[in-house]
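Colleague: For reference, the sequence and a predicted model appear below.
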Amino acid sequence: QSVLTQPPSASGTPGQRVTISCSGSSSNIGSNYVYWYQQFPGTAPKLLIYRNNQRPSGVPDRFSGSKSGTSASLAISGLRSEDEADYYCAAWNGRHVVFGGGTKVTVL
Amino acid sequence: EVQLVQSGAEVKKPGESLNISCKASGYSFTTHWIGWVRQMPGKGLEWMGIIYPDDSDTRDSPSFRGHVTISVDKSISTAYLQWGSLKASDTAMYYCARHGIHLGELVTHWGQGTLVTVSS
């Protein structure tokens, strides 16, 4: 059971907006940055969002992150077929890092 | 360009020792935290720990403490993950993961992964 809680799955049709939640506590999300990662089957994860809401160069602006209190969210607007992947949130938790359990996004 | 190149897949027996590596390039190795993330078959990501190459300061997850050792060789910009005695439950993909300069910054770059299979 992960310290950060994500829904196991989310889905949407092309063009829709999908939101993935990440729930934590004051020890992790409440007092530290949240990062988001995207992972396609059989490949290494890739950084999608850092410091709660910052996009690395090359990440489309369809991806956005937000944080409020002890929860964070990743939003994918204008959903595309190539967005079908697993998404993980992460944050520091005292002296170590914790990941969410991951959310599989399916494009219907 | 930051590159993390990991050693190849390993097949080991329970009780054997193992050392996998991650060769870093394209940035200042000694000033960025670097570590490892496990992904068991069909499961999510698990953070194992990190090390600061300049002084070998470490942070580790309670879940892995005492079972693995993270180390670096600054002279060749390489990080290592070591097991003294493997278990079947260590079968997983292991990713080398570079963090930022400051402790509060998480993984920004990933290696390609090293598959470790432990089976009798």
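Modeller: Yep, it's here.
Colleague: Quick one: name whatever helix or strand follows the strand ranked longest in chain A.
Modeller: Taking DSSP state E as the assignment, the strand of chain A that covers the most residues is strand A:85-93. Under the assignment DSSP states H and E, the closest C-terminal helix or strand after strand A:85-93 is strand A:96-99.
Colleague: elements contacting that next one?
Modeller: strand A:85-93, strand B:45-52 (3 or more Cβ pairs under 8 Å, 6 or more residues apart in numbering or on different chains; DSSP states H and E). (C-beta placed from N, C-alpha, C; glycine too.)
Colleague: Next, the angle strand B:45-52 makes with the longest strand of chain A.
Modeller: 50 degrees (axes from the mean of the first three to the mean of the last three Cα atoms, to 10 degrees).
Colleague: Contacts made by strand A:85-93 with the rest, please.
Modeller: Here strand A:85-93 makes contact (Cβ atoms under 8 Å, 6 or more residues apart in numbering or on different chains) with A:3-4, A:6, A:20, A:22, A:24, A:27-29, A:32-41, A:45, A:48, A:72, A:74, A:97-100, A:102-105, B:44-45, B:47, B:103-104, B:106-107.
Colleague: For the residue nearest to residue A:91 when sequence neighbours are not counted, list the residues it contacts.
Modeller: Nearest non-adjacent residue to residue A:91, counting by Cβ to Cβ, 6 or more residues apart in numbering or on different chains: residue A:28, 4.4 Å away. Listed by Cβ under 8 Å, 6+ apart, the contact set of residue A:28 reads A:3-4, A:70, A:91-94, A:98.
Colleague: Was I right to think residue B:57 contacts residue B:51?
Modeller: Yes: counting by Cβ atoms under 8 Å, residue B:51 is a contact partner of residue B:57 at 7.1 Å.
Colleague: For the two, indicate the residue with more neighbours.
Modeller: Using other Cβ atoms under 10 Å in any protein chain shown, the more surrounded residue of residue B:57 and residue B:51 is residue B:51, with 22 against 11.
Colleague: all strands for the chain, in order.
Modeller: If you meant another chain, say so; for now it's chain A. Counting by DSSP E, the strands of chain A are A:9-12, A:18-23, A:34-39, A:46-49, A:63-68, A:71-76, A:85-93, A:96-99, A:103-107.
Colleague: nope, chain B
Modeller: Per DSSP E, chain B carries strands over the ranges B:3-6, B:10-12, B:18-25, B:34-39, B:45-52, B:57-60, B:68-73, B:78-83, B:92-98, B:109-110, B:114-118.
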